[in-house]
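# sequence below, structure please.
(2 chains)
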Amino acid sequence: MTKFPDENGYYGEFGGAFIPELLWANIAELTDNYEAILNSDSFKNEFNELLHDYVGRPTPLFFAQNLSKRYGAKIYLKREDLCHTGAHKLNNVLGQILLAKRLGKKRIIAETGAGQHGVATATACALMGLKCTVFMGAKDAIRQKPNILRMRMLGAEIIEVRSGSQTLKDATNDAIRYWINNPAETHYLIGSTIGPHPYPDIVARLQSVISEEIRNQLNQKEKTMFPNYVIACVGGGSNAAGAFFHFIDNPSVNLIGVEAGGTMDDASKTAASILKGKVGIIHGCKTYLLQNNDGQIIEAHSVSAGLDYPGIGPLHAYLNKSQLAKYVSVYDEEAIQAALLLTRLEGIIPALESAHAIAALDKLKFKNTDIVVVNLSGRGDKDLDTYKLYFENDNKNE
Amino acid sequence: MNSIKKQLETHDKVLSVFVTAGYPKVNSLYEILPALEKSGVHLVEVGIPFSDPLADGATIQHTSKVAINNGMTLKLIFNQLKEIIPALNVPVILMGYLNSVYHFGIENFYKHCKQVGVSGVIIPDIPLVELQKNYLPFSKKYEIPHILMVTPTTPASRVKQIDDLAEGFIYAVSNSSTTGGDNSRSNIDVAYLKELQSLRLKNDVLVGFGINSRDAYELACKYAKGAIVGTAFLKSISEYDGNLCERVLCFVNKLKNR
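Purely as a prediction, here's the structure:
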């Protein structure tokens, strides 16, 4: 077992389906059908056509000349920010909607933190003519107003969640509760490699188009299918799972996951579940999570709404424990500086999530011949308000 | 025979009441549990407050949050129950989400249950495969039975499997909902309760989730051994600054129409 879970949904000791009996029938329906649907020719044809014509795939693998000079390695950026709706999220969303339609579902529900998954879901629902309800923490909704507007324009109903910490974790709780209360016609479209089995596997498989393309594109550009490094940010871990997928079985590729370390001056304000968390159960799976001494899940913090989730996908927990991938963390300030660097050096404004992956370049030592792929998971327009706040504070300090 | 089964064997129209430990005040169990026994409740369920209670509705989530803010922890629950249970005759069932148990230490949890006199546990989010492999060995070692849930969407073959693994009773969720749903009499899925009856399970069935009135309680008792009340009880004691004991008696009397 490496990148696929066992028959009960476990990656080593992590994963599984820790759900109340109330969700058993929904999960059983998915578990019994997803592999056959995802492997069917009709699914593959429709999915690939949509990825090509609607999402805009393959996304470019861009040689970042100026970054390469700065870090003394051949640095490529996998431009998931150029996907329709501005992030890798749409790959998974379209795949799951095709899956849901084949299961006869009429309504899609989703949770969202930064809003990228919500926008992608609302977009695909508009395209496919399905009803869409998006759960979003009230605090995140304030941080991500443009995405709220987009979702509304696309016809989605937004439910602002005011329970708990009012962020992604609570939006997830409420989406699961809605699913419990409305099981028959609803598909819960989880946006990351988290949740009960089979979600982590479904999302990893659907996002694996990223590593498949990296492999093919590198083959053309560098005459090798295997880079020395693949670097990607991890919140729940979907873009990283997608970027790592086809390289997990190859030990010559160094897989680097970048967690959101949060603030430099307060160690408790972090979203680094692997580096600072302990094994536990959250939202249906066993994984690393941020929790207090009594096992209560604690609020994660990151400057990026898309990364402040207190858990990590079980595949990543497994890759970490088995040392098939290495995980580092990057502070808020380092991510902001990395975003500015990428903007000035390459003319690309990254999402704050992706800026964490760029910042990790500072933490690694490369050889001149190393081929490094950084997965640029999303674009930065949605984060302009947060960037603006930082620059205003910086100016005050000067 | 475990104390839960004994209680079910000697009473009809069994009433089990759920209360979140540490709610409304951190020490409220000292008042509420004896009051529940005095009022004639047959089983009490003590909820371990958890920050992310997936199967619960807004009321239980709120009481859990208040309890956590009051400083309630699993360790403190055990300390309180150690003092309270010896003076009680009514069996006490501990109910909580798996992360609390896992974090406390699996064997340590069952060992503490045994030491303080807990009669059974309900942990709604353990998969059966995990239960069999990692939890039942300790549950058997320390003689702490597991009460397991079924719902209207649980197929008969799985109900049988659950019945084989459960000891105490089967917790039949009244319909597809989180706790605290608005279950008027007509919302209880009678056909499903009749089907459960027809399966002739080894365990008795108690109906829970959304039992909020005398009518709903009576209906549940018609097709099952009894019912479990949680949200309605917690609502009745919420932010109540009078005599908690009187409040508990009043609630139970109303439910039983005495």
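# which SS state does whatever residue of the stretch 251-398 of chain A ends up closest to chain B fall under?
Residue nearest to chain B within the stretch 251-398 of chain A: A:Gly295 (3.0 Å; CB to the nearest CB). All C-beta atoms are positioned from the backbone trio N, CA, C, and that covers glycine. Recorded secondary structure, A:Gly295: coil (DSSP: H, G, I helix; E, B strand; the rest coil).
# so what's it up against?
A:Gly280, B:Phe50, B:Leu74, B:Asn99, B:Ser100, B:Tyr102, B:His103, B:Phe104 (CB atoms under 8 Å, 6 or more residues apart in numbering or on different chains).
# and the pLDDT at residue 6?
The chain I'm using is chain A. Looking at A:Asp6, its pLDDT is 97.
# to clarify, I was referring to chain B.
94.
# out of the contacts of A:Gly295, which sit inside helices?
Among those, the members falling in helices are B:Leu74, B:Asn99, B:Ser100, B:Tyr102, B:His103, B:Phe104 (criterion: DSSP state H).
# any idea which of those has the most stuff around it?
Neighbour counts for those peak at B:Asn99, which has 26 neighbours (criterion: other CB atoms under 10 Å in any protein chain shown).
# any idea how far it is from A:Gln296?
Per CB to CB, to the nearest Å, B:Asn99 is found 8 Å from A:Gln296.
# same check, this time on B:Lys13
Distance from B:Lys13 to A:Gln296, by CB to CB: 37 Å.
# flag every residue of the stretch 101-250 of chain A that's near chain B.
Neighbours of chain B within the stretch 101-250 of chain A, by CB under 8 Å from any CB of the partner chain: A:Ser163, A:Gly164, A:Lys169, A:Asn173, A:Ile176, A:Arg177, A:Ile180, A:Asn181, A:Pro183.
# now those residues: which count as buried?
The neighbour-count test (16 or more other CB atoms under 10 Å in any protein chain shown) marks A:Ser163, A:Gly164, A:Lys169, A:Asn173, A:Ile176, A:Arg177, A:Ile180, A:Pro183 as buried among these.
# what about stretch B:75-95, distance to the chain center?
Remark: stretch B:75-95 is offset 14 Å from the chain centroid, using CA atoms, centre = their mean, to the nearest Å.
# could you export that stretch as CSV, CA atoms only?
Presented in CSV, the C-alpha positions along stretch B:75-95 are these (Å, rounded to 0.1, in the frame of the first residue of the first chain):
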residue,chain,number,x,y,z
LYS,B,75,-10.9,13.3,33.5
LEU,B,76,-13.2,15.5,35.6
ILE,B,77,-16.3,13.5,34.5
PHE,B,78,-14.7,10.4,35.9
ASN,B,79,-13.8,12.2,39.1
GLN,B,80,-17.4,13.4,39.5
LEU,B,81,-18.9,10.0,38.6
LYS,B,82,-16.7,8.3,41.1
GLU,B,83,-18.4,10.3,43.8
ILE,B,84,-21.9,10.3,42.4
ILE,B,85,-22.4,6.7,41.2
PRO,B,86,-22.0,4.8,44.5
ALA,B,87,-25.1,6.6,45.8
LEU,B,88,-27.2,5.8,42.7
ASN,B,89,-29.2,2.7,41.8
VAL,B,90,-29.9,3.9,38.2
PRO,B,91,-27.3,2.7,35.7
VAL,B,92,-25.1,5.4,34.2
ILE,B,93,-24.1,5.3,30.5
LEU,B,94,-21.3,7.4,29.2
MET,B,95,-21.8,8.8,25.7
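# now that stretch: average pLDDT?
Rounded mean pLDDT across stretch B:75-95 is 98.
# excluding chain neighbours, what is closest to the residue of the stretch 151-258 of chain B found nearest chain A?
Evaluated by CB to the nearest CB, the stretch 151-258 of chain B has B:Thr153 as its residue closest to chain A, separated by 3.7 Å. Distances taken as CB to CB, 6 or more residues apart in numbering or on different chains put A:Ala25 closest to B:Thr153, at 3.7 Å, once the chain neighbours are dropped.
# what about the strand or helix carrying that neighbour, average pLDDT?
Here A:Ala25 sits within helix A:24-39, counting by DSSP states H and E. On average, the pLDDT along helix A:24-39 is 97.
# figure out how far the helix or strand just after it is from the centre of its chain.
Going down the chain from helix A:24-39, the next helix or strand is helix A:41-50, by DSSP H and E. A distance of 22 Å separates the centroid of the chain from that of helix A:41-50, by CA atoms, centre = their mean.
# list the helices and strands the longest strand anywhere in chain B packs on?
Ranked by residue count and defined by DSSP state E, the top strand of chain B is strand B:14-20. Counting contacts by 3 or more CB pairs under 8 Å, 6 or more residues apart in numbering or on different chains; DSSP states H and E, strand B:14-20 is packed against helix B:29-38, strand B:43-47, helix B:58-69, strand B:204-208, strand B:226-229, helix B:231-237, helix B:244-256.
# host element of A:Asp6?
Applying DSSP H and E as the criterion places A:Asp6 outside every helix and strand.
# end to end on stretch A:229-241, go ahead and measure it.
Taking CA to CA, to the nearest Å, stretch A:229-241 runs 14 Å from one end to the other.
# I'd like the mean pLDDT over that stretch, please.
97.
# and it, which residues are buried?
A:229-241.
# same list (the contacts of A:Gly295) but as CSV, adding distance to A:His197.
Converted to CSV, these look like this (distance: CB to CB, whole Å):
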residue, distance to A:His197
A:Gly280, 17
B:Phe50, 21
B:Leu74, 27
B:Asn99, 17
B:Ser100, 22
B:Tyr102, 17
B:His103, 21
B:Phe104, 25
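# looking at those residues, which two lie furthest apart in space?
For the contacts of A:Gly295, the farthest-apart pair by CB to CB is A:Gly280 and B:Leu74; their separation is 13.2 Å.
# got any residues that touch both of those two?
A:Gly295, B:His103.
# please list all residues in contact with A:Thr172.
So A:Thr172 contacts A:Glu111, A:Phe135, A:His283 (CB under 8 Å, 6+ apart).
# all helices for the stretch 151-300 of chain A, in order.
With helices called from DSSP state H, counting those that start in this stretch, the stretch 151-300 of chain A shows them at A:168-181, A:199-207, A:209-222, A:238-244, A:273-276.
# of the ones you listed, flag the one that's most buried.
Ranked by mean neighbour count, the helices of the stretch 151-300 of chain A are led by helix A:238-244 with a mean of 31 (mean count of other CB atoms under 10 Å in any protein chain shown).
# output the contacting helices and strands for that helix.
Checking 3+ CB pairs under 8 Å, 6+ apart, helix A:238-244 ends up next to helix A:89-102, helix A:199-207, helix A:209-222, strand A:229-234, strand A:254-262, helix A:314-321, strand A:371-376.
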